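Visitor: sequence first, then the predicted structure, then my questions.
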Amino acid sequence: MLRFEEVSKSYPGGGEALRGVSFSVAEGELVFLTGHSGAGKSTVFRLISMQERATRGRVLFGGIDLARAKRRERAALRRELGLVFQDHRLLPEQSALANVELPLLIAGLPAAERRRRARAALELVGLGERLDASPQRLSAGEQQRVGIARAIVRAPSLLIADEPTGNLDPQLSFEIMRLFASLARHGMAVLIATHDLGIVERIGARTLTLEHGRLVSDRPAEASS
Amino acid sequence: MSGQARRKGILRLGWERLSTWAEAHRHALHQSLRSLRARPLSSLATALVLGLVLALPALARGVMEGLAALESRLEAEAEWILFPESKAMPDLRALADALARDPRIASLRIRDAEENLATLLAQPGFGDLVDLLGENPLPPILILHPSASLAPEAREALLRELRERPGIALALPSEDWRGELRRWLDRGRAVLMPIGLLLALATLAVLFNTLRLDLLERAEEIEVVRLLGASDGFVQRPFLYVGLWLGSAAGAVAALLSRGVLLLLEGSLAAYALDGELGAMLLAPSLRGSMAVVAFGAALGLSGAWLAVRVHLARLP
Ligand SMILES: Nc1ncnc2c1ncn2[C@@H]1O[C@H](COP(=O)(O)OP(=O)(O)OP(=O)(O)O)[C@@H](O)[C@H]1O
Ligand SMILES: [Mg+2]
């Protein structure tokens, strides 16, 4: 599903954010990505979401080298991705419901179908009551959950989430992680960057650890999960 | 799969595509109206200013249209005047009958001296002429219309023949007039075309800039939509609609303004005792002309928006 092959990334004017990182994520697999601040977690996300290109090595999604994808192909690949951004990236002028409908609109679904699915996704993250609120009138945690609903509403084959629980209390964080785990059980590949080692322990899924851009450990899932 | 089932399948696919397409356009339309409504004053001001800029070419276009109509009417109504020699006066009727039998002449009539005088007296300033002259100095004349189907060379030939014909002192064709009018038309076009083009370019530039600001303001939103997998078409459509609305509104303002100015002009020309019907034809801006101005504005808006979006998208990584 997703494969990093000896990937290095250096930003112009910056140091090397990733150095020779290799790993892969299979269908139906839940994987955590941890590491100190500045370790390169968001860089991994920016490479997968094609906001950046690898300096060396290859990032493959569904067998396609992302650095070589044409414009049109890139858009099509992104429609297979679910993205949760560290800074939410909601459209401020539109309601929570409209924000969650957006990926479905892009996919060309009819209005009734969009509404039904978006409502269901918002209910899944516990926002069934706040459909019409605009992001400015939502708390940081609520905004984050709208972002999560938007990422899962299209049932993507790969979900990547950058600090999806950064603004949530421990109980809510745990429930969101459980939601991700259940999506993975239904066949979605899920990659989650997080600082929250407590939750990583509790869920017990496979965990990748970055340190100064190097992958220093790849700990498999505990049997219990 | 049976043929019928396959046809059904294809139909359904076609329908789905159509509804997807319609859905995307509905959304883009909605977005564009919202973006205009978000800044009603500046949208209105843009449309008004561009309307003013476009009003001049629209006005020029209207006048040229009127002149062209006038030219073609004159073409159809070419009127020649024959002055008989004084020795031919008594046989004027016979001369007229002989000429009327010529198939190259569509119609011919005699205008007698009284009628000529009455026409002259109708012109302002000539009222005292009779008192001055005492008796009517005007000869009767023949007015003829050459057949409209005559080629220019055949006309020339006919005119030459008439001039050499005994009994005719002078043959005055209206062609001189038309030649003059056509030269004026050509001259007008030569001056107005580049000015119109420049003003259209200015409009295009303003629209481009307006849309560019709009795009920059929504850069964050565009990025998010693209990250969610939107095609370039999806991203650009709302902006194309905004351009279309602004351009059409500017075109409509220009059409209204130029129409208003032409109506005013018509009023003042009527005061100059110009043949009323002629004046109306010269200046009545046709509905088709107004629609053309609106369509031109719309095309400018669409092009400006398209350019702005292309530049914006090309700059994205
Ligand atoms: N646009 C950029 N230009 C230059 N350097 C950058 C850029 N983005 C990130 N970096 C650098 O790359 C390194 C990795 O950054 P990254 O954002 O991937 O870290 P992170 O693991 O997501 O950190 P955090 O947990 O704080 O979000 C950092 O040293 C950072 O300074
Ligand atoms: Mg980060």
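Guide: Looks like it came in fine. Residues are numbered from 1 along each chain as shown, chains lettered A, B, ... in the order given. Ligands and ions are numbered 1, 2, ... in the order given.
Visitor: kindly report the residues of chain A close to ligand 1.
Guide: A:11, A:14, A:17, A:35, A:37-43 (C-beta under 6 Å from any ligand atom). Using the backbone N, CA and C atoms, a C-beta is placed for each residue, glycine as well.
Visitor: in PyMOL, how would I select just the buried ones from those?
Guide: Isolation of the buried members of the residues of chain A next to ligand 1 (16 or more other C-beta atoms under 10 Å in any protein chain shown) is achieved in PyMOL through the command below:
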select buried, chain A and resi 17+35+39+40+41+42+43
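Visitor: out of the residues of chain A next to ligand 1, which one sits closest to chain B?
Guide: A:Tyr11 (12.6 Å; C-beta to the nearest C-beta).
Visitor: is the spatially closest residue to the closest one that is not a sequence neighbour in a helix, a strand, or coil?
Guide: Leaving aside its chain neighbours, A:Tyr11 sits nearest to A:Ala17 (6.1 Å; criterion: C-beta to C-beta, 6 or more residues apart in numbering or on different chains). Under DSSP: H, G, I helix; E, B strand; the rest coil, A:Ala17 falls in the strand class.
Visitor: what sits against A:Ala17?
Guide: A:9-11, A:40, A:43, A:213 (C-beta atoms under 8 Å, 6 or more residues apart in numbering or on different chains).
Visitor: I'd like to know which elements the top helix by length along chain B is packed against.
Guide: Counting by DSSP state H, the longest helix found in chain B is helix B:175-217. With contacts taken as 3 or more C-beta pairs under 8 Å, 6 or more residues apart in numbering or on different chains; DSSP states H and E, helix B:175-217 sits against helix B:40-76, helix B:232-271, helix B:287-315.
Visitor: A:Asp65: which of these is closest?
Guide: helix B:232-271 (21.6 Å; C-beta to C-beta).
Visitor: out of the residues of chain A next to ligand 1, which one sits closest to B:Trp21?
Guide: A:Ser42 (36.1 Å).
Visitor: secondary structure of the closest one: a strand, I assume?
Guide: No: looking at A:Ser42 with three-state DSSP, it is helix, so not inside a strand.
Visitor: quick one: residues contacting it.
Guide: Counted by C-beta under 8 Å, 6+ apart, A:Ser42 has contacts A:86, A:162, A:193.
Visitor: nearest spatial neighbour of the second one, skipping sequence neighbours?
Guide: Among residues not flanking A:Asp162 along the chain, A:Gln86 sits closest, at 4.2 Å (C-beta to C-beta, 6+ apart).
Visitor: which helix or strand contains the one you found?
Guide: Following DSSP states H and E, there is no helix or strand that holds A:Gln86.
Visitor: the one 4 residues further on now?
Guide: In this assignment (DSSP H and E), A:Leu90 forms part of neither any helix nor any strand.
Visitor: correct me, but it touches A:Val146?
Guide: Yes: contact status for A:Leu90 versus A:Val146: in contact at 5.8 Å, counting by C-beta atoms under 8 Å.
Visitor: shared neighbours of those two, which are they?
Guide: Joint contacts of A:Leu90 and A:Val146 (C-beta under 8 Å, 6+ apart) are A:99, A:135.
Visitor: for the stretch 101-250 of chain B, give me the ranges with low pLDDT.
Guide: B:123-135, B:137, B:174-179 (pLDDT under 70).
Visitor: in it, what residue lies closest to ligand 1?
Guide: B:Glu223 (14.0 Å; C-beta to the nearest ligand atom).
Visitor: quick check on that residue: phi, psi?
Guide: phi -60, psi -40 (degrees, to the nearest 10).
Visitor: check B:Pro90 too.
Guide: phi -60, psi -30.
Visitor: contacting residues for it?
Guide: With contact set as C-beta under 8 Å, 6+ apart, B:Pro90 has no partners.
Visitor: so how far is B:Pro140 from it?
Guide: 11 Å (C-beta to C-beta, to the nearest Å).
Visitor: how about A:Ala161?
Guide: In terms of C-beta to C-beta, A:Ala161 sits 102 Å off from B:Pro140.
Visitor: compare the two (neighbour count), which wins?
Guide: Using other C-beta atoms under 10 Å in any protein chain shown as the criterion, A:Ala161 and B:Pro140 rank with A:Ala161 on top: 26 against 15.
Visitor: just the pLDDT at B:Asp275, thanks.
Guide: Here, the pLDDT recorded for B:Asp275 equals 54.
Visitor: and the gap between A:Phe61 and B:Leu300?
Guide: Following C-beta to C-beta, the distance that separates A:Phe61 from B:Leu300 is 42 Å.
Visitor: so these two - more neighbours on which side?
Guide: B:Leu300 (26 against 23).
Visitor: for chain A, what's the nearest residue on the stretch 101-250 of chain B?
Guide: Taking C-beta to the nearest C-beta, the stretch 101-250 of chain B has B:Gly229 as its residue nearest chain A, at 3.5 Å.
Visitor: is it correct that that residue falls within a strand?
Guide: No: read with three-state DSSP, B:Gly229 is coil and lies in no strand.
Visitor: for it, give its distance to A:Gly57.
Guide: In terms of C-beta to C-beta, B:Gly229 sits 24 Å off from A:Gly57.
Visitor: do B:Leu41 as well
Guide: Distance from B:Leu41 to A:Gly57, by C-beta to C-beta: 53 Å.
Visitor: settle it for me: which of these two has more neighbours?
Guide: Set B:Leu41 next to A:Gly57 and count neighbours by other C-beta under 10 Å: A:Gly57 wins out with 18 against 7.
Visitor: what's the helix or strand for the more buried one?
Guide: Using DSSP H and E, A:Gly57 falls in strand A:56-61.
Visitor: tell me the angle the longest helix of chain B makes with helix B:40-76.
Guide: 160 degrees (axes from the mean of the first three to the mean of the last three C-alpha atoms, to 10 degrees).
Visitor: re the thing from before, residue contacts, the residue of the stretch 101-250 of chain B closest to ligand 1?
Guide: B:Leu316.
Visitor: contacts for the top helix by length along chain A?
Guide: Criterion DSSP H: the longest helix present in chain A is helix A:170-185. Applying C-beta under 8 Å, 6+ apart, the set of residues contacting helix A:170-185 from outside is A:28-30, A:124-126, A:141, A:145, A:148, A:152, A:159, A:161, A:164-165, A:168, A:190, A:192, A:196, A:198-199, A:202-203, A:205, A:225.
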